[in-house]
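Novice: Provide a 3D model corresponding to the input given below.
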Amino acid sequence: MSQLTKSVKFSSYQITVIILLALTQFTVVLDFMVMSPLGDILMKSMDMSTTQFGFAVSSYAFSAGLSGLLTAGFADRFDRKKLLQFFYIGFILGTFFCSICTTYPMLIAARIVTGIFGGVIGSISMAIVADLFLLEQRGRVMGFMQMGFGASQVLGIPISLYLANIWSWKTPFLMIVGLALVIWLIILIKIKPITKHLEVKNDKNAFRHLLHTVAQKDYRIGFMATAMLSLGGFMMMPWGSAFAINNLHVTPEQLPLLFMVAGVATLIIMPVIGKLSDKIDKLKLFAIASLWLIVVVLIYTNLTPVHISVIMALNVLMMMGIMSRMVPSMALVTALPKMQDRGAFMSINSSLQQIAGGIAAAIGGMIVVQKDKNSPLENYNTLGVVITILTLIAIYMVHRVSKLIKARMHKDVL
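Specialist: Numbering: from 1, shown residues only. The predicted structure is shown next:
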């Protein structure tokens with residue numbers, strides 16, 4: 001495998017595609033991720049309870065999940081470039097609506113609109129990756145695309161918090177709108193039509209295509225693996241800033257630096273993990289990262305006020321575990337669907353990811369309790385135990401995905 005990896009290089013056009021997909025990921029991830037660091041500001045400015053804030057986060061996830069399911073049947077019937085542009089412009093409009101909200105119900109409505117469009121972009125991007133890149137390249141591609149996650153923490157979240165402290169929590173959303181409009185125009189100019197999947201004969205109507213995709217046992221195993229990953233990932237994230245400020249006594253001025261340090265670490269780690277994912281067994285890498293994450297999460301969720309450097313170190317270690325799971329697992333899952341099913345598969349997979357995340361955020365909001373706006377969060381350590389159980393289940397599910405892919409590759413060789 002390592003010999004093959006060395007010989008499979010990216011073309012200049014593939015590099016352009018990777019950069020643009022990473023930038024779209026950056027804006028979409030930032031739009032979602034910024035809710036967590038803004039959480040403490042939002043809960044205090046709109047007088048929200050932890051349960052209400054959990055619903056504000058999960059409303060995006062639920063609408064994104066529903067949107068993905070509704071579009072799954074159509075995902076393989078259009079030029080993937082056009083689909084990407086359509087949903088990206090809808091995401092831009094939804095984010096703009098977030099920036100003009102003045103009440104909690106308006107915020108919920110705006111997050112739902114943003115989720116309807118933004119939630120589908122990731123699945124379209126994954127389908128584009130599966131169409132344009134060989135399996136031996138995808139680990140590296142996933143690594144670079146997930147750098148959008150790190151970049152959102154290095155640049156996006158600290159800048160967003162800085163702007164929010166100067167003006168308002170609405171300002172970061174306007175910043176995302178401006179950047180996304182520029183990216184949309186570059187996609188229009190630079191990316192070629194992606195229509196190879198349309199050459200594969202597919203007589204099913206949209207609804208039948210959706211049912212056909214769900215009916216595949218192998219696909220359902222992939223869906224379940226993704227759902228388990230999302231349940232664990234989303235359960236703790238929304239309360240990051242509130243826990244850091246109210247429990248660990250991190251100041252609002254230190255918070256941007258906390259996110260920036262974790263983000264820098266992610267940017268360094270991602271390319272390394274991407275290369276490792278293409279050279280060693282993806283399941284082995286995923287399992288090691290998952291066990292690593294369990295240890296760090298259990299320590300962090302039981303943490304009491306300590307020096308900011310200790311909190312930063314634990315956040316870096318946690319991000320290493322999260323990202324090191326994401327790259328190999330997504331590379332494996334994208335290898336499951338056949339070409340004619342990729343769009344539908346990725347849409348359903350993204351939907352379940354979002355819905356599972358929404359359920360996790362909602363449950364997390366019920367588990368975590370805050371007596372008043374400035375009191376510590378209670379039951380945060382309970383989240384650590386729940387995440388541990390979900391992570392162990394995820395290892396088993398990804399093992400099943402890996403086993404299916406290896407069996408298929410062996411069959412193809414024979």
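Novice: Run through the stretch 251-400 of the chain and note the low-pLDDT ranges.
Specialist: Low-confidence segments of the stretch 251-400 of the chain, defined by pLDDT under 70, are located at 339-340, 342-343, 373.
Novice: That one: helices as residue ranges?
Specialist: With DSSP state H, counting those that start in this stretch as the definition, the stretch 251-400 of the chain shows helices at residue ranges 255-279, 282-300, 308-333, 342-367, 380-413.
Novice: got the angle between the fourth one and helix 380-413?
Specialist: Taking axes from the mean of the first three to the mean of the last three C-alpha atoms, to 10 degrees, helix 342-367 and helix 380-413 form an angle of 160 degrees between their directions.
Novice: buried residues in stretch 88-99?
Specialist: Using 16 or more other C-beta atoms under 10 Å as the burial criterion, the residues of stretch 88-99 that qualify are 88, 90-92, 94-99. C-beta here means a position set from N, CA and C on the backbone, and glycine is covered the same way.
Novice: of these, closest to G233?
Specialist: Nearest to G233 among those: F91, at 20.7 Å, using C-beta to C-beta.
Novice: Just the CA trace of the helix or strand where that closest one lies, in PDB.
Specialist: Assigned by DSSP states H and E, F91 belongs to helix 80-99. Extracted as PDB, the C-alpha positions of helix 80-99 are listed here (Å, rounded to 0.1, in the frame of the first residue of the first chain):
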ATOM      1  CA  ARG A  80     -22.500  17.700  -8.300                       C
ATOM      2  CA  LYS A  81     -21.000  21.200  -8.900                       C
ATOM      3  CA  LYS A  82     -24.500  22.700  -9.400                       C
ATOM      4  CA  LEU A  83     -25.800  20.900  -6.300                       C
ATOM      5  CA  LEU A  84     -22.900  22.300  -4.300                       C
ATOM      6  CA  GLN A  85     -23.500  25.900  -5.600                       C
ATOM      7  CA  PHE A  86     -27.300  25.700  -4.900                       C
ATOM      8  CA  PHE A  87     -27.000  24.600  -1.300                       C
ATOM      9  CA  TYR A  88     -24.000  26.800  -0.600                       C
ATOM     10  CA  ILE A  89     -25.900  30.000  -1.600                       C
ATOM     11  CA  GLY A  90     -28.800  28.800   0.500                       C
ATOM     12  CA  PHE A  91     -26.400  28.300   3.400                       C
ATOM     13  CA  ILE A  92     -25.100  31.900   2.900                       C
ATOM     14  CA  LEU A  93     -28.700  33.300   3.100                       C
ATOM     15  CA  GLY A  94     -29.500  31.300   6.200                       C
ATOM     16  CA  THR A  95     -26.300  32.600   7.900                       C
ATOM     17  CA  PHE A  96     -27.300  36.200   7.000                       C
ATOM     18  CA  PHE A  97     -30.700  35.600   8.600                       C
ATOM     19  CA  CYS A  98     -28.800  34.600  11.800                       C
ATOM     20  CA  SER A  99     -27.000  37.900  11.800                       C
END
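Novice: any idea how far it is from the chain center?
Specialist: Distance, stretch centre to chain centre, for helix 80-99: 17 Å (C-alpha atoms, centre = their mean, to the nearest Å).
Novice: name the helices or strands packed onto the helix or strand following that helix?
Specialist: Scanning forward in sequence from helix 80-99 by DSSP H and E, the next helix or strand is helix 104-132. Counting contacts by 3 or more C-beta pairs under 8 Å, 6 or more residues apart in numbering; DSSP states H and E, helix 104-132 is packed against helix 12-33, helix 50-72, helix 80-99, helix 135-145, helix 342-367.
Novice: can you put the ones you listed in a markdown table and add distance to I159?
Specialist: As requested, the helices and strands packed on helix 104-132 are exported to a markdown table (distance: least, C-beta to C-beta, whole Å):
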| stretch | distance to I159 |
| --- | --- |
| helix 12-33 | 10 |
| helix 50-72 | 21 |
| helix 80-99 | 15 |
| helix 135-145 | 21 |
| helix 342-367 | 24 |
